[in-house]
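Participant: how would this look folded up:
(one chain, ligands or ions: 1)
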Amino acid sequence: MDVRDAIASRYSCRSFLPTPIPEKTVREIVERAARAPSAGNIQPWRVDAIAGERLEALRVLMRPRMSELPKGEGTEYPIYPADLNPPYSDRRVAVGEMLYRSIGVPREDKAARYRQYARNFEFFGAPVGLFVSIERSFVLGQWIDLGSFIQNIMLLARDYGLHTCPQEAWASFPRTISTFIDLPDTTMLFCGIALGHANEQATINSWRAPRAPLRDFATFSGFAD
Ligand SMILES: Cc1cc2nc3c(=O)[nH]c(=O)nc-3n(C[C@H](O)[C@H](O)[C@H](O)COP(=O)(O)O)c2cc1C
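Facilitator: Residues are numbered from 1 along each chain as shown. Here you go, the predicted structure:
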């Protein structure tokens, strides 16, 4: 698969088949993803991959946690700015509406929306969950590098016929997850990534989030032709 196809075919997959993924495949994806550039070649990423019984144990652990703390434990970093303004706020609302419309959940049905949100904590049925973490001492520059690394994981997954969903939802349970994967105190969980084969029949995977037209976010000048 060439890089254009990998980029074009990646989307946030929210329903997976249970088909197991060999450890070797996951190791290869993570190892190759570490070809991502990083300022000073610091390579500021850490990955904890879980599957099988270990992943099932996490799902079992999360169910009562979700009931106790429906909104989570509080994030250790801000996921959005306090005042998200247009056009960004409009895009966020629009993608949420597309997601819930695809599964027939009306906007006002908060319980059904929450049930879908809670699927995050089952990795949407994926057979592999990756947790991506970063040293607490690191600054904005290293967080950007982490983004390149995560994107590499998601594009490489396409090359192996797999799909992904990056999930900041996991960052709302930092204590539970840090304990579960035994993160050192000096390290902060950034996100989870669900990894596996897409359930192509699921309507939640049937739509694609739109993008703003090029003119809205880029300028070009001085080109000869
Ligand atoms: C860092 C990051 C965290 C995200 N967290 C979640 C999440 O917790 N749950 C979820 O369903 N989607 C999550 N998404 C997916 C975004 O909603 C999605 O990327 C966006 O709507 C664009 O859609 P696309 O990825 O299908 O192109 C996340 C994406 C990123 C990059």
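
Participant: chain center to the helix or strand that contains residue 176, what's the gap?
Facilitator: Using DSSP states H and E, residue 176 maps to helix 174-181. Relative to its chain's centre, helix 174-181 lies at 17 Å (Cα atoms, centre = their mean, to the nearest Å).

Participant: Touching that helix from outside, list them.
Facilitator: When contacts are defined by Cβ atoms under 8 Å, 6 or more residues apart in numbering, helix 174-181 is touched by residues 48, 50, 58, 61-62, 65, 73-76, 131, 170, 183, 187-189, 192. For the C-beta atoms, the positions are set from N, CA and C on the backbone; glycine is no exception.

Participant: How is residue 130 assigned, secondary-structure-wise?
Facilitator: strand (DSSP: H, G, I helix; E, B strand; the rest coil).

Participant: Just grab the bridge partners of it for me.
Facilitator: residue 49, residue 193 (DSSP bridges).

Participant: who touches it in this structure?
Facilitator: Neighbouring residues of residue 130 by Cβ under 8 Å, 6+ apart: 26, 30, 47-50, 153, 192-193, 195.

Participant: And the pLDDT at it?
Facilitator: Residue 130 is assigned 98 on the pLDDT scale.

Participant: and what of residue 107?
Facilitator: 87.

Participant: how close does it sit to residue 56?
Facilitator: As defined by Cβ to Cβ, to the nearest Å, residue 107 lies at a distance of 33 Å from residue 56.

Participant: what do you get for residue 66?
Facilitator: Relative to residue 56, and taking Cβ to Cβ, residue 66 is found at 16 Å.

Participant: now do residue 219
Facilitator: 50 Å.

Participant: more crowded one of those two?
Facilitator: Of the pair residue 219 and residue 56, residue 56 is the one with more neighbours under other Cβ atoms under 10 Å, namely 12 against 6.

Participant: The residue most central in space within the chain in helix, strand or coil?
Facilitator: Nearest to the mean C-alpha position of the chain, by Cα atoms, centre = their mean, lies residue 166 at 0.8 Å. The three-state label given to residue 166 by three-state DSSP is strand.

Participant: Return the set of residues that bridge with it.
Facilitator: Bridge pairing for residue 166 - DSSP bridges - gives residue 193.
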